[in-house]
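**Q** below is the sequence, then the predicted model.
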Amino acid sequence: MPESSQEWFERVSAEIERSGRRSSDWAQWSSWPFEGELTPKPLDPPAQEPPRRGLGGEGCFICDKLAAGDRTYVFWEDEHAILGVPAEPRALPFAAFLMPRVHADLADLPLPSAARMGELLTLIERAACDVLDVPRIQAARWGDGQEHLHWWLFARPTGMRQLRGTFLSHWDDVLPSAPIEQLRADLDLVAARLVELAGGRAFPG
Ligand SMILES: [Zn+2]
C-alpha cells in the first residue's frame, strides 16, 4: 500500500527528529551559485491542494492572450502549440514557454498535441543552437500554480560550464538581466529558424 501524504510527512518528520536532515553536497558542485551556509526550512504538513489559476480555462491568462491575438506574448504558433515570451527580463540568452493551444494540463493534453510538442522540443533546440550561441536547451515543467501546461525552456551561453544542469534557473534569477527587447530579438531569430525546421508561423516583435 503506498504511503499517504500524511504518512509520508509523519515518517520524514520523525526521521528528522531522530537523525536530522541528510546533508547536501551542493556547495561542492561547481554549478551551485551560492557561497556560505544555507539553513533548510521546517517541513510544513500536507494541506489541501489549492485550485490552480485558470481552472478549466476560466480566467486563464494564456487562453486570454491567445483569444486576443496578443503577439507581444506569442512569438510562434502552429495548430497544436505556441511559444510565449517570459514577462520579466532574463539573464540567460534564451528563455521561452512551450504551451499547447488548447487549455490542458499534462495529463489531459490531447495525444496529437502531446506528440507534436515532443517533436517541437527537439526542433526548438535545433533552431536555438543554429542561431544563438547556446549548446542545448533545458526543459522544465514548473508553474504548479497555473493549470495551462507550460514547459519552461532555458539555455545558457556556450562554454559557461558553471551554469550547466540543475541550478540554471537559479543563476538566471541572480545574474543581471538583459533588456527584454534583446531577449525578444533573439527569440524572433529562433522563431524564424523554427519556421524553416518545423513550419508554423512566427510573429516578430
Ligand atoms: Zn488556458
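**A** Everything's here; your move. Numbering: from 1, shown residues only.
**Q** excluding sequence neighbours, find me the nearest residue to the spatially most central residue of the chain.
**A** In the chain, the residue lying closest to the centroid (C-alpha atoms, centre = their mean) is W152, at 1.8 Å. Once flanking residues are discounted, W152 sits nearest to A140: 4.5 Å by C-beta to C-beta, 6 or more residues apart in numbering. C-beta coordinates here come from the backbone N, C-alpha and C atoms, glycine included.
**Q** now the one you found: phi and psi?
**A** Backbone dihedrals for A140, given as degrees, to the nearest 10, come out at phi -140, psi 140.
**Q** going forward, begin numbering at 30 instead of 1
**A** Shifting the count to begin at 30 puts that one at A169.
**Q** distance of it from T195?
**A** Using C-beta to C-beta, to the nearest Å, A169 is found at 10 Å from T195.
**Q** for P122, same thing?
**A** 19 Å.
**Q** which of these two has more neighbours?
**A** Shown here are P122 and T195; by other C-beta atoms under 10 Å, P122 has more neighbours (19 against 11).
**Q** the residue nearest to the centre of the chain falls within a helix, correct?
**A** No. Under DSSP: H, G, I helix; E, B strand; the rest coil, W181 sits outside any helix and is assigned strand.
**Q** ok, now how distant is it from the ion?
**A** To the ion, W181 is 16 Å away according to C-beta to the ion, to the nearest Å.
**Q** regarding the chain, what is its longest helix?
**A** Longest helix of the chain, by residue count under DSSP state H: helix 140-160.
**Q** now do the buried residues in that one.
**A** 142, 145-146, 149, 152-158, 160 (16 or more other C-beta atoms under 10 Å).
**Q** list the contacts of it.
**A** 107, 109-110, 112, 123, 125, 127, 129-131, 133, 138, 163-166, 168, 180, 182, 184, 215, 218-223, 225-227 (C-beta atoms under 8 Å, 6 or more residues apart in numbering).
**Q** fine by me, thanks again.
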